[in-house]
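K.L.:
let's see this in three dimensions:
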Amino acid sequence: MRKLPALTSLLLTGCLGFGYPSISGTPAVAVPSDEVRAFRVVSEDWMSGPWMTGPITVANSVEEIPVKDCVVAPQHDTFFAYYYLVFPVANGSHSRTIEVLFYRPGYELAELPARPWWRTCGSGMPEKVAWKEAPDLQSQRAAVSRIAFRFERQAFNKDVRRFAAQEYSRLADCPLAALPDATTT
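P.N.:
Have a look, this model is predicted:
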């Protein structure tokens, strides 16, 4: 008889769960020249398992997106976000974020995170990026590295690898690389 209340209290300890569709995106962005490159970054993680210590799975991707007529098209994302808890047996969650990175030789990397769908509705006019000049070789190299090695444990695709190789080569041949301070860089 004593086991029945203990079992009942274990089963009634608590459950929680919710989920919702998530719709987000970035607006169209006007860029000053054709030398600007744009990259879509998606970060996604899932967690599920028993006893609050389940495995965490992380998926990240970086892919180049086209710049046509000095405009980067809006980027959209939809997914189903959720969280559940069956205490003390199991829990889980799923989330995802996107952002667009803008690379321009000689400038720092510009980032545009996705916004909820109600904030992306508007006039349809492309937004502009605030560019900040990268005065030295170290800061220009850092801009390339932030794209190419955004996720240290994830392999990046062939286009991003080719972009990084071309930009590192360009930086190695630029006048800033000939300065005495830049020899180690």
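K.L.:
quick one: low-confidence parts of this structure?
P.N.:
Residues of the chain that meet the criterion pLDDT under 70 lie in 1-13, 51-54, 120-123, 151-156, 176-185.
K.L.:
tell me the centre residue of it?
P.N.:
In the chain, the residue lying closest to the centroid (C-alpha atoms, centre = their mean) is residue 41, at 3.8 Å.
K.L.:
just checking: what are the partner strands of the helix or strand that one falls within?
P.N.:
Using DSSP states H and E, the element containing residue 41 is strand 37-50. Applying DSSP bridges to the sheet, strand 37-50 is found paired with strand 56-65 (antiparallel), strand 90-103 (antiparallel).
K.L.:
residue contacts, residue 110?
P.N.:
If you count contacts by C-beta atoms under 8 Å, 6 or more residues apart in numbering, residue 110 has them with 101-102, 104, 129-132. Using the backbone N, CA and C atoms, a C-beta is placed for each residue, glycine as well.
K.L.:
my guess is the residue nearest to the centre of the chain contacts residue 100. True?
P.N.:
Yes: using C-beta atoms under 8 Å, residue 41 and residue 100 qualify as a contacting pair, with a distance of 7.4 Å.
K.L.:
is it true that residue 91 touches residue 47?
P.N.:
Yes: contact status for residue 91 versus residue 47: in contact at 7.5 Å, counting by C-beta under 8 Å.
K.L.:
show me what residue 80 bridges to in the sheet.
P.N.:
residue 21.
K.L.:
what angle do the longest helix along the chain and strand 56-65 make?
P.N.:
As assigned by DSSP state H, the longest helix anywhere in the chain is helix 158-173. Computed by axes from the mean of the first three to the mean of the last three C-alpha atoms, to 10 degrees, the angle separating helix 158-173 from strand 56-65 equals 70 degrees.
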